[in-house]
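**Student:** build me a model:
(one chain, ligands or ions: 1)
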Amino acid sequence: MSASTPMPDPSFALTLLFTAALTLGLLIKFWLSARQIRHVASHRDAVPAAFAQTISLTAHQKAADYTIAKARLGLLEMALGAAVLLGWTLLGGLSTLNQLLLAWLGQGMGQQLGLLGAFVVIGGLIDLPLSWHQTFVLEQRFGFNKMTLRLWLADLLKSSLIGALIGLPIAALILWMMGATGSLWWLWAWLFWMGFNLLLLVIYPTLIAPMFNKFVPLEDETLKARVTALMQRCGFHAKGLFVMDGSKRSAHANAYFTGFGAAKRVVFYDTLLSKLSAEEVDAVLAHELGHFKHKHIIKRIVSMFAMSLVGFALLGYLAQQSWFYTGLGVQPNLFAANDALALLLFMLAMPVFSFFIAPLFAQLSRKHEFEADAYAVGQTSAQDLSTALLKLYEDNASTLTPDPLYVRFYYSHPGASERLSRMHGIAPASV
Ligand SMILES: [Zn+2]
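**Tutor:** Take a look at the predicted model:
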């Protein structure tokens, strides 16, 4: 190599790239939110013509106000998130925490687990005020919150305990693999991670969800007969139909089809059953079954596994590069393992870059929603599905007039007008 063309310093290059991606990402996020707020506000005065018969002006305006309030809170979250991210990385937060714990605990597994644990606890504490605000100010203001402070605290305590009980052993195992299984550790860690996620699919609905909500078998015989008939018609067999006390926390309504193998079950929120007719519940369930018929769930799981393999391989490489640490504001340990640092830096830095491909996944998800709608229309009726969806959109105060570009970037579900137009086989009306 000649002296006149020096190698660019990879550490400095990473710092630049990271800063540029973070800044660009933030600018795009702020721009999109501003567009969404403007668009919704400018359509606040009138219900779109297609919904004039079914949605009242009051409901339309509530949806507009709720959407705008959420977007404003989102702006604050983004700004805080970026500041915290910079604090951990380039401003030296993670490096300092690591040094403190080294001085206190010495090197070894205890220190590494301590670092992961301290990071999660500090991050959780920073997020706490916003999470409280979201439930007790935002959701409360629009009449959605049903939680008491006591329940909120109990949830927090419970989920922290479960998180620690499950998370610490998993973290210890992955750290152990990083140190003990050689240069292909990332492959072993990925296999283990896959196995854990499959296990979670089975134990979440049967063991974890019941710690937070009550699940009682569906008792309404008419509805039960209808739903069973629908499932038979569609070639499904579920191990149970359950009603969940969603109203304990929120007025938002939902239904889902969960688990696989012996744990497969259909769960209706009590809030859903109280708002929809039996025909409409059928149509909503048929939509969920459509996701299974089109293998959306399995496709999502397979693509998640493929992406995590790429992620683990990348982490396997980056963890060996000193510029990966210094470029993100961390002094790697010279005499102790850097595995916990590598994991944390990777988790912090990845979303900054993956943000730019998020619209691809949102688009795929919207395509799946259209397919599930089409399936539901074939099995039940377009009329029932559309009245059900409109009730849900209204009850959740989802705006009928989102900014089209914001939808393209973020929405996992298409807007109501697009869905209804497709269902009834007409071209989408421009909103
Ligand atoms: Zn869906």
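**Student:** how far away is Tyr406 from the ion?
**Tutor:** Distance, Tyr406 to the ion, by Cβ to the ion, to the nearest Å: 19 Å. Using the backbone N, CA and C atoms, a C-beta is placed for each residue, glycine as well.
**Student:** again but with Phe136, I slipped
**Tutor:** 29 Å.
**Student:** show the contacting residues for that residue.
**Tutor:** Contacts for Phe136 (Cβ atoms under 8 Å, 6 or more residues apart in numbering) come out as 145, 147, 149, 152.
**Student:** now that the first one has come up, it's in contact with Glu139, right?
**Tutor:** Yes - the pair Asn145 and Glu139 passes the contact test of Cβ atoms under 8 Å, sitting 3.9 Å apart.
**Student:** got any residues that touch both of these two?
**Tutor:** Ser250.
**Student:** which two in the contacts of Phe136 are spaced the farthest apart?
**Tutor:** Spanning the widest gap among the contacts of Phe136 are Asn145 and Leu149, at 10.7 Å by Cβ to Cβ.
**Student:** need the residues of the stretch 201-350 of the chain near the ion, please.
**Tutor:** By Cβ under 5 Å from the ion, no part of the stretch 201-350 of the chain sits against the ion.
**Student:** sketch out the strands for the stretch 201-350 of the chain, chain order is fine.
**Tutor:** According to DSSP state E, counting those that start in this stretch, the stretch 201-350 of the chain carries its strands in the segments 215-217, 241-244, 255-258, 265-269.
**Student:** by mean pLDDT, show me the worst of the ones you listed.
**Tutor:** Ranked by mean pLDDT, those bottom out at strand 255-258, which scores a mean of 75.
**Student:** what strands line up against that strand, and which way round?
**Tutor:** strand 265-269 (antiparallel) (DSSP bridges).
**Student:** show me how far the strand it pairs with is from its chain's centre.
**Tutor:** 20 Å (Cα atoms, centre = their mean, to the nearest Å).
**Student:** could you dump it to CSV, C-alpha only?
**Tutor:** Output in CSV follows, covering the C-alpha atoms of strand 265-269 (Å, rounded to 0.1, in the frame of the first residue of the first chain):
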residue,chain,number,x,y,z
ARG,A,265,-56.5,-21.8,20.2
VAL,A,266,-58.8,-19.0,19.2
VAL,A,267,-58.9,-16.1,21.5
PHE,A,268,-61.7,-13.4,21.4
TYR,A,269,-61.3,-10.3,23.5
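**Student:** who touches it?
**Tutor:** Strand 265-269 is contacted from outside by 205, 215, 218, 227, 231, 238-244, 246-247, 252-259, 281, 285, 288, using Cβ under 8 Å, 6+ apart.
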